[in-house]
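Visitor: Give the three-dimensional model of this entry:
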Amino acid sequence: MRRGLWAGGVAALLMAGGLYAVAADAATTGYEAESAQLSGGTRVETEHAGFTGSGYVGGFVDANRGAATVSFAVTSAAAGSNTLALRYANGTGSPRTMSLIVNGVTRQVSFPATAGWAGWGTTTQPVTLNRGANTVAVRFGASDNGNLNLDGIAVTPAAAPADGVLEAESSALSGGAVAETEHPGFTGAGYAGGFTDPNKGNATASFAVTAAAAGNSAVTIRYANGTGSTRTMSFVVNGATRQISLPATANWDTWGAAAATATLAKGANTLAIRYGSADSGNINLDSIAVGPVSTDPPPTPGTGLELESGFLDGGATVATNVAGYTGAGFVNVASAGARVIRTVNLPAAGAVTVSVRFRNATGSARQVAVQANGLPQGQLPLPAGDGWQTAQRDLPLRAGVNIVGLQPDGGVQLDNLAVAGSVPLAERGATLPYTTYEAEAGATTGGVLPASREYMTEQAEASGRRAVKLTGTGQYVEVTLTGPANAITVRAGIPDNSTSPLAVLAGGSKVADLQLTSKYSWMYGPYPFQGEPGGERPHRFFDDARVLLPQTYPAGTKIRLVKESSATPYVTVDLLDAEVAEAAQPAPAGYVSVTSHGAVANDAGDDLTAFRAAVSAAQSSSSKGLWIPAGRFVLSGLVNVAGIDVRGAGIWHTVLAGQNRRGGIYVTGGNTQIGDFTIDGDVTTRDPDCCANSDAALEGEFGTGSLIRNVATNHAKVGLWVKAASGLYAVGLRIRNTMADGANINGNTGNVRVEQSTTRNTGDDGLALWSWTGAGTVRDSVLAYNTLSLPILANGAAIYGGVDNRIEDNLITDIVFQGSGITISSWHDPFPFGGTTIVQRNTLTRTGSYSLDWGSAIGALWVYAPANPITAPIVFRDLQVNDSSYQGFLASWQVSVGTLTFDRVAFNGTGTAGLEFNAPGSGTFSYVTVTGNGGPGLVNNSGFQVSRGPDNSGW
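Guide: Residues are numbered from 1 along each chain as shown. From the prediction side, this is the model:
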């Protein structure tokens, strides 16, 4: 056997032929096959030209299958990773397989066809050798198809990685992760593959890292992602897990890099990349590079309001590759055009000092444009420097939820806001400007209706499923204010075809009359509820009436609602919302007022023409602003707007009133802002699906970069209907008493976020993301921190198709009919699901319902595939599901509902089964508990494949 033959000439020849990507150096050692130990029918041959040495080895023919072997004695100077190159000829015209046996461990290797029997090729494999003697054999195994010739092998020790670089193929691989070399461009001896769907939840590459001191280290992850879309993996540092995103690379032969930060302990640490159960996986991992540890004391997490959890648009991304940030990361703004918006909660209005924590390593000063509640507040300078700094500005903020917007001119990192005097936002649900007082919890001389969820009873549609019925003149409901209030909204019901006053007393004195009407309530029959009064299935009993009080009353004041009139035989009171309505906002400088173009407040005249003229003037002005002062304005149709700020004096002061089922705002372009007014529509019945003849409050094609904030809607067809948008942020919506959805996000839409909003008494889904095939796909959109209650039809929140959408951090209560708390569904003709759909950190109470149309119960959580299967993963995690009317979770109907992951989901009380499967599919369930169930813990009618993880109970 001749050694050293390939140390120069052979390796150089392979490189010249484009066959061998490993650079030749003095460490490469070649071994000629004809000089190795031959057995099982192998023999030395010279028939085909082009071989090296004195010949090659043949005999790998079918007659010798399972026996023909060439065995090489290989000596290695050190234990470790090496690259093994096998030179061969395969003139069969198709790939052939052989068995490679290294120190007794066998793997199958594929040898692509070469250009005839005189055309020699090379394939490479990563191998781990012992120090000293090793045996490397090539065999025509029993499961191989053989029939090739072998010229020789060459062994090259893997180059020592750069300082801090850890090769994935040399890491501890488990759960199906394996070393591979199929795709070129890797470093070291290969890369780690096997992060594929069959190994989801298990495939892991684990690295041992030693740190000289405790601190933060920047970690660069080198990977390939040829899937065409962003994929996620879990980054695990000493057992602490967070999800990382790995954008698509050009193809599987192109390698990219992603940044993360690891907080290391002094001494031994374990870093891992895992295809977790909530990840989308399917990447190849080449290496990780661990940077030096910063020994500066890390900032206290949560110092300020973290910007990485805000709304990001225009290229702003979350990153972790610079040490010293607070929270879970920071926002990287590579170029101008990006924006970051963060919600802030203030107990009182005023000029407030806001500090922006930033990093500007560009070498020159930068600027960030600042907005407060959508209004420009000038430029904030960001001086250059290597570390994290702060810059301050006083901003005019309001009581309650505000939004602070930041638009840097590029090249900076933004970490958090510190806002003087701010208080935390609610952990789940919207941070509400009002306090709700349930009528049945107050003092009353009326009758408290017993709790019931029976459809077509008043209490079934009441908050908490109880209400108070006032049937005699002088009967009342009284609540005691727990905080100051100067404005109230009362949810009440009266008989059909009637009106009635309801007296309001404060501290024993009458201060107002609420005007109740049945005009917008009472519906009959099955969907779309077109029956006449007195028809079958009466429902939709309640409506809202509101009034500003003459003064602000302190906590402890008793507010009494009295049935003083005999205009109706009863008034059923459900609840009272009380708040401090802020003073009317002033007109921003330079805005065009609708009154300057003929609109007249508080009369019966139609102001539509004046509004349209004012919009045209605003779009031509330098300020690009439309001002709607305090007062009630009548609109008999839609006002089209684009690229301007449409602003009122506040939801308690500026009202746009619909007329004859019409009236609303229709957006036709990007960079449009809408805020600070109420749209009170005039829609009394639901349109049939075929024939729309009423208006949404807000609708249109919102383009890029639009903003909706602090808008109340009432009595509209829909509160918000989005037909197309990119980077639309809707915050502080108060949607009431719609005939259809509260808000429906559809069309070709991406990065839409509806946040800090409330819906009540909607005629369909409270909030929905709908990728309807007739309009487009919704992707990367989020329904977060909302409070949703009492839809008279359908669900609290729903996702119909789409890519990588989420429902998170919401409170959802009291589903009335034919819907669930949260639905994930392929109903209503959507595009297929893609990426991973996530439902997390929501609390559902008294949700789920019964469908008279289908004769079936619907669970609090519902995955519904009525015709088209759902194939993409769906994740439910960190959920509290309380007092479900029927099942806690339901999967239906008959076609596959895909791959589900349940993690930390508690079902606390169910009317029937804890979990019920009436559709095929598969899922992994960990930390799922069922208690207080009124039926079996688990009902599996469809052969759903349940994989049980740790700590499940009750099912």
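Visitor: where do the helices sit along the stretch 701-850 of the chain?
Guide: Taking DSSP state H, counting those that start in this stretch as the criterion, the stretch 701-850 of the chain carries no helices.
Visitor: Low-confidence stretches in it?
Guide: Within the stretch 701-850 of the chain, no stretch has pLDDT under 70.
Visitor: Check the stretch 551-700 of the chain too.
Guide: Under the criterion pLDDT under 70, no range of the stretch 551-700 of the chain is flagged.
Visitor: And the helices in it?
Guide: Using DSSP H, counting those that start in this stretch, helices in the stretch 551-700 of the chain cover 608-620.
Visitor: where do the strands sit along it?
Guide: Using DSSP state E, counting those that start in this stretch, the strands of the stretch 551-700 of the chain run over 558-562, 571-579, 592-593, 625-628, 631-635, 638-641, 645-648, 654-658, 664-667, 673-680, 698-704.
Visitor: partners of the longest one in the sheet?
Guide: I take that to be strand 571-579. The strands beside strand 571-579 in its sheet (DSSP bridges) come out as strand 434-438 (antiparallel), strand 468-470 (antiparallel), strand 485-493 (antiparallel).
Visitor: Quick one: the strands of the stretch 551-700 of the chain as CSV, columns for mean neighbour count and distance to Ala257 too.
Guide: The way it works is simple: take the backbone N, C-alpha and C, and place the C-beta from them, glycine included. Below are the strands of the stretch 551-700 of the chain laid out as CSV (neighbours: other CB atoms under 10 Å; distance: least, CB to CB, whole Å):
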stretch, mean neighbour count, distance to Ala257
strand 558-562, 21, 61
strand 571-579, 25, 50
strand 592-593, 20, 50
strand 625-628, 24, 44
strand 631-635, 22, 54
strand 638-641, 19, 43
strand 645-648, 25, 40
strand 654-658, 23, 51
strand 664-667, 24, 39
strand 673-680, 24, 38
strand 698-704, 22, 28
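Visitor: and these as CSV, adding distance to Thr489?
Guide: Formatted as CSV, the strands of the stretch 551-700 of the chain follow (distance: least, CB to CB, whole Å):
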stretch, distance to Thr489
strand 558-562, 12
strand 571-579, 4
strand 592-593, 28
strand 625-628, 21
strand 631-635, 17
strand 638-641, 26
strand 645-648, 18
strand 654-658, 14
strand 664-667, 21
strand 673-680, 11
strand 698-704, 20
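Visitor: Can you check which of those gets nearest to Gly239?
Guide: strand 698-704 (41.2 Å; CB to CB).
Visitor: Then Glu63 would be within a helix, right?
Guide: Just to correct that, residue 63 is Ala rather than Glu. Yes - counting by DSSP: H, G, I helix; E, B strand; the rest coil, Ala63 is found in a helix.
Visitor: How about it, nearest residue that isn't a chain neighbour?
Guide: Gly41 (6.9 Å; CB to CB, 6 or more residues apart in numbering).
Visitor: Check the gap between Ser174 and Asn238 for me.
Guide: 17 Å (CB to CB, to the nearest Å).
Visitor: next one: Phe907
Guide: Remark: distance between Phe907 and Asn238 (CB to CB) = 32 Å.
Visitor: which residues touch the spatially most central residue of the chain?
Guide: In the chain, the C-alpha nearest the mean C-alpha coordinate belongs to Arg806, at 3.4 Å (CA atoms, centre = their mean). Contacts for Arg806 (CB atoms under 8 Å, 6 or more residues apart in numbering) come out as 781-784, 837-840.
Visitor: Reformat the residues you listed as TSV; add distance to Gly483 and neighbour count.
Guide: Listed next are these as TSV, based on distance: CB to CB, whole Å; neighbours: other CB atoms under 10 Å:
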residue	distance to Gly483	neighbour count
Ser781	34	24
Val782	30	20
Leu783	28	31
Ala784	26	22
Thr837	39	24
Ile838	35	22
Val839	33	27
Gln840	31	19
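Visitor: now, among these, which is nearest to Ala316?
Guide: Of those, the one sitting nearest to Ala316 (CB to CB) turns out to be Val782, at 15.0 Å.
Visitor: Quick check: the residue nearest to Ala63 is in a strand.
Guide: No - with three-state DSSP as the criterion, Gly41 is coil rather than part of a strand.
Visitor: Could you give the number of residues near it?
Guide: Neighbourhood size, Gly41 [other CB atoms under 10 Å]: 16.
Visitor: what separates it from Trp120, distance-wise?
Guide: For Gly41, the distance to Trp120 - CB to CB - is 22 Å.
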